[in-house]
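Chemist: have a look; sequence and predicted model below, questions after that.
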Amino acid sequence: MLLADIRLHLSENGSASIQELSNRFDTDIEAVENIMSVLRRKGSVRQISGEPPACARAGCGCGCACSSAAQKSADVYEWVGRSKRARQAPG
């Protein structure tokens, strides 16, 4: 399941961008964004960056769709939930 794969990846690696996760799990950015939304609501991740890159279009005020899509793929999330090891440790 993709949600469990992403959760495990983040808990082991600390953080990743939407683009990194999309590439790692060979899925589209929108699917990763949806999963990150679920993990945010659960309090497992938090967004730590996502500054919009400069738009490549001349005269663009960076309010266009190309900037919005680029910004989303650049968003970085940090794992704040319990680690895999903490869940497996005897209690």
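Modeler: Great, that's in hand. In this text the structure is predicted, and so the values were computed from the model without any measurement. Numbers count the residues shown, from 1 in each chain.

Chemist: from here on, just use CA atoms for contacts and neighbour counts.
Modeler: Noted.

Chemist: so what pLDDT did residue 49 get?
Modeler: According to the model's per-residue confidence, residue 49 sits at a pLDDT of 79.

Chemist: quick one: it and residue 6, what's the gap?
Modeler: Note on residue 49: its distance to residue 6, by CA to CA, to the nearest Å, is 18 Å.

Chemist: now do the helices in this structure.
Modeler: Ranges of helices within the chain are 2-13, 18-24, 29-41, 65-74, 84-88, based on DSSP state H.

Chemist: would you mind pulling up the elements that the third one packs against?
Modeler: For helix 29-41, the helices and strands in contact under the criterion 3 or more CA pairs under 8 Å, 6 or more residues apart in numbering; DSSP states H and E are helix 18-24, strand 45-49.

Chemist: average pLDDT for that helix?
Modeler: The pLDDT scores in helix 29-41 average 94.

Chemist: make sure residue 46 is actually in contact with residue 78.
Modeler: Yes - using CA atoms under 8 Å as the test, residue 46 is close enough to residue 78 to be in contact (5.4 Å).

Chemist: run through the chain and note the low-pLDDT ranges.
Modeler: 50-72, 83-91 (pLDDT under 70).

Chemist: residue 36 - how many residues pack around it?
Modeler: A count of nearby residues for residue 36, using other CA atoms under 10 Å, gives 21.
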